[in-house]
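# coords please:
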Amino acid sequence: MRSPLMRRFGLGAVLALALALFGLAPTANADPAPAELTFATDAATTTPGGTVNLSMTITNNKTYDIWFVYQTIDPTYLTTQRPDLKYSFTGCSLAASDGTATACSGTGPTNLGTDYGATVPPGQSRTVTLTLSVAADSGCNGNIGFYSYYYAEFSDSTNTSGGPVYTPETRVLCA
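Below is the predicted model:
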């Protein structure tokens, strides 16, 4: 039979352990990332000679303007392992949250920062759509995918970075 001191010590130890676990548990943070990058495509498949539009959207979740965005876009490792897949970015357009669209330049695996346009106000987003053209003599039955890293600066002198963010893959089918 246990003494009253042991029962109290056991209960105290259990309570101390529970408090320690709950007190040290990470708290949920409901704040979204200061900036968020998402990708979408208008088709999951294409054929040699076809095109797919790849849209990249940066959303400003802060209460300050995004002044600058630097972004890379590179093919995934599996895409680079298929030398028979031939593709290139052949077009680019920029759309703002207000629905306006303009042409952009500088497509390819380099800095895409200027393509997001000037300032991205709080709560708004900018979408850059790249046209991915698959060469007529491209190989088939392979996936083309990309990944991206980004860096954004805000008007309050803070910054954020993220990635890798992966695009949906496009499957090249033979007809």
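# could you pull out the helices for the chain?
Ranges of helices within the chain are 4-24, 77-80, based on DSSP state H.
# among those, which gets the worst mean confidence?
The weakest mean pLDDT among the helices of the chain belongs to helix 4-24, with a mean of 48.
# Break down the protein into its strands, ranges please.
Applying DSSP state E to the chain gives strands spanning 35-41, 45-46, 51-60, 66-75, 87-96, 101-103, 125-134, 142-144, 146-154, 159-166, 170-172.
# winner for burial among the ones you listed?
Comparing the strands of the chain on average neighbours per residue, with mean count of other CB atoms under 10 Å, the densest one is strand 170-172 at a mean of 22. (Each C-beta comes from the backbone N, C-alpha and C, glycine too.)
# wait, doesn't residue 101 sit right on residue 94?
Yes. Under the criterion of CB atoms under 8 Å, residue 101 is in contact with residue 94, at a separation of 6.5 Å.
# Stretch 78-95: how far from the chain's middle?
Averaging C-alpha coordinates over stretch 78-95 and over its chain gives two centres that are 17 Å apart (CA atoms, centre = their mean, to the nearest Å).
# Between the two ends of it, how far is it?
Here the two ends of stretch 78-95 are set 30 Å apart, with distance taken as CA to CA, to the nearest Å.
# contacts for that stretch?
The set of residues external to stretch 78-95 that reach it, using CB atoms under 8 Å, 6 or more residues apart in numbering, is 51, 101-108, 115-117, 126-135, 137-139, 142-146, 172.
# got any ranges where this protein has weak pLDDT?
The chain contains residues with pLDDT under 70 at 1-31, 96-97, 105-115, 117-118, 175.
# one more time with 90, if that's ok
In the prediction, the chain carries residues with pLDDT under 90 at positions 1-33, 68-74, 88-120, 125-131, 174-175.
# Can you name the residues bridging to residue 143?
Each beta-bridge partner of residue 143 is listed here: residue 171, as defined by DSSP bridges.
# That one contacts residue 173, correct?
No. Proximity of residue 143 to residue 173 does not meet the contact threshold set by CB under 8 Å, at 10.7 Å.
# how close does residue 38 get to residue 131?
Distance, residue 38 to residue 131, using CB to CB, to the nearest Å: 18 Å.
# brain fart, residue 120
Where residue 131 is concerned, residue 120 sits at a distance of 22 Å (CB to CB).
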